[in-house]
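Visitor: Okay, sequence plus prediction incoming.
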Amino acid sequence: MSEVIRWAAFSCAVVPVVLLMCGLPFGAALGAAAGLAAVTAASRALLRHSERTAARLGADGVSPHRGRHGRTGIGAHRGGRRV
């Protein structure tokens, strides 16, 4: 995850510079940088949350939700299999 965040931070720095070089006003470049920073922060938070959830599920040995009633296998549905 850290490499993804590094690339995102790098793009937050490079994109405004490129926009300034292309002739956009300073305010527009600053707005683009702020937007990219917000998206990067939100993405980082979501990535950290998903990693924590995956680690917790792996450590607890909890199986994922199996459906409305939690039944599995052949014949688990109402009435089973009829020939």
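Guide: Structure received. Residues are numbered from 1 along each chain as shown.
Visitor: What segments of this structure are helices?
Guide: 2-21, 26-60 (DSSP state H).
Visitor: possible to save those helices as TSV with mean neighbour count and mean pLDDT?
Guide: All C-beta spots, glycine's among them, are computed from the backbone N, C-alpha and C. Shown next, in TSV, are the helices of the chain (neighbours: other CB atoms under 10 Å; pLDDT from 0 to 100):
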stretch	mean neighbour count	mean pLDDT
helix 2-21	13	88
helix 26-60	12	89
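Visitor: give me every residue that touches Leu30.
Guide: By CB atoms under 8 Å, 6 or more residues apart in numbering, Leu30 lies in contact with Pro16.
Visitor: Please report the distance of it from Ser43.
Guide: Distance of Leu30 to Ser43, computed by CB to CB, to the nearest Å: 20 Å.
Visitor: Could you do Gly35 as well?
Guide: Going from Gly35 to Ser43 by CB to CB gives 13 Å.
Visitor: now do Ala34
Guide: Ala34 is 15 Å from Ser43, by CB to CB.
Visitor: what's the spacing between Cys12 and Val4?
Guide: Counting by CB to CB, the gap from Cys12 to Val4 is 13 Å.
Visitor: Apologies, that question was intended for Ala54.
Guide: In terms of CB to CB, Ala54 sits 16 Å off from Val4.
Visitor: do the same with Val18
Guide: 20 Å.
Visitor: now swap in Pro16 and tell me
Guide: 20 Å.
Visitor: before we move on, what about His49?
Guide: In this view, His49 and Val4 are 14 Å apart by CB to CB.
Visitor: Could you do Ala41 as well?
Guide: Counting by CB to CB, the gap from Ala41 to Val4 is 13 Å.
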